[in-house]
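1. below are the sequence and a predicted model for it; my questions follow.
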Amino acid sequence: TTTNNNHNSNNGPLQLNPNDVIAGTINILSPSNSHHTFYGRYWGCLPQYNHVKLLYFETCYWSAIDYCIQHNIQTMEPGAGGGETKFARGFNPVLIHSVHYITNSRLRKAVKRFLEFERVDVLEDMEMLLEKSVVGVRK
């Protein structure tokens, strides 16, 4: 997904050509037997555009949602983290699984302990947000 958002919060409209790319995101489209899932992950912009108002939302949400609508993609996962922030934008919390291998055994044990501790809070937050959900729970 790329964007050329023309709203500059500090200096008025940006002077961009239609093909100028100032921000982008890495998204993954995963097919399944019944439907595709759109996964949003990493984003960034050229440093001189960090101040552009709503650039993050245009790049990570609005353009991605538009893409999903245009391609009849039923499921969009906007990425890990930010449960309350994403919930406020209409996304129910979903457990995200990732696989990492940490070669340093001491660090690996510390990360494992932290994740075991954090898992309890994450599941409690998820349950609380799903109880408030107006979009329903996906099966």
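-> Received, thanks. Numbering: from 1, shown residues only.

2. tell me where this structure has strands.
-> Along the chain, the stretches classed as strands by DSSP state E are 2-3, 23-31, 36-45, 75-77.

3. what lies in contact with the last one?
-> By Cβ atoms under 8 Å, 6 or more residues apart in numbering, the list of residues contacting strand 75-77 from outside reads 35-40, 64-65, 68, 91, 94, 96, 138. C-beta: built from backbone N, CA, C; applies to glycine.

4. looking at these, which is nearest Thr85?
-> Set against Thr85, the nearest of those by Cβ to Cβ is Phe91 (9.1 Å).

5. could you list the low-pLDDT ranges of this structure?
-> Residues of the chain meeting the criterion pLDDT under 70: 1-13, 33-34, 80-82, 136-139.

6. ok, longest helix in the chain?
-> The longest helix of the chain (DSSP state H) is helix 105-132.

7. for the contacts of strand 75-77, which single residue is the most surrounded?
-> The most crowded member of the contacts of strand 75-77, judged by other Cβ atoms under 10 Å, is Gly40 (25 neighbours).
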